[in-house]
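*Asks:* show me the folded form of this:
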Amino acid sequence: MIAIGFNAAISIRVSNELGAAHPRTAKFSVVVVVIFSIIVGTLLAILLVIFRHQYPAIFANSLEVQQAVYALTPLLALCLIINNIQPALSGVAIGAGWQAVIAYINIACYYIFGGIWIGMLIGTVVQTIILIMICVRTNWEKEASMAEERIKKWSGQKGIEEEK
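*Replies:* Model (predicted):
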């Protein structure tokens, strides 16, 4: 749920900063949310690994099930880290107006690479790598200009200026 909060917050922050023609602030916000996502995911993973002998008993009485959960804990810890970063980056994409691109990335990552747990993890890792590459390569100045044009178009300002 923390990752969903990062998703919503960065989506709003990026869209507001681009709309206000502050591309450097938008880019800085992306860096901050990714770093915090990594920190939170890592801390949660560390807690999970530390309490790997205790937490399975909360969910199952069977010793066999508890041992299976214990054995899968490293994979779950890795999932926690990746699944904290990916939603934040998806929020960046939403805030920047890249929904169509994200739809294609989601389809490719989850239907080409997807599957049961390992496949889903690989799909999420691939999506995270693609989103990082997009964010790094983004011309934030251009994104701010495009956001300004969208604001003018949808607010009617463009029509008013043309009439003058």
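
*Asks:* in stretch 114-124, what counts as buried?
*Replies:* 114, 120, 121, 122, 123, 124 (16 or more other C-beta atoms under 10 Å). For every residue, glycine as well, the C-beta is placed using N, CA and C.

*Asks:* other residues contacting it?
*Replies:* 75, 78, 79, 82, 83, 86, 109, 110, 112, 113 (C-beta atoms under 8 Å, 6 or more residues apart in numbering).

*Asks:* one more time with 10 Å
*Replies:* The contact list for stretch 114-124 (C-beta atoms under 10 Å, 6 or more residues apart in numbering) reads 72, 75-76, 78-79, 82-83, 85-87, 105-113, 126.

*Asks:* just stretch 17-34 next, same as before
*Replies:* With C-beta under 10 Å, 6+ apart, stretch 17-34 has contacts from 6-7, 9-16, 84-85, 87-89, 91-92, 95-97, 128, 131-132, 135-136, 138-148, 150-151.

*Asks:* where do the helices sit along this structure?
*Replies:* 2-19, 23-50, 56-59, 63-95, 99-107, 117-137, 140-155, 157-163 (DSSP state H).

*Asks:* that older thread, which members of the contacts of stretch 114-124 are classed as buried?
*Replies:* For those, buried by 16+ other C-beta under 10 Å: 76, 79, 82, 83, 85, 86, 87, 105, 109, 110, 113, 126.

*Asks:* enumerate every residue touching the third one.
*Replies:* Put plainly, it is residue 82. Contact partners of residue 82, counting by C-beta under 10 Å, 6+ apart, are 3, 37, 38, 41, 45, 120, 121, 122, 124, 125, 127, 128.

*Asks:* what about it, distance to residue 62?
*Replies:* Plainly put, residue 82 is 28 Å away from residue 62 if you go by C-beta to C-beta, to the nearest Å.
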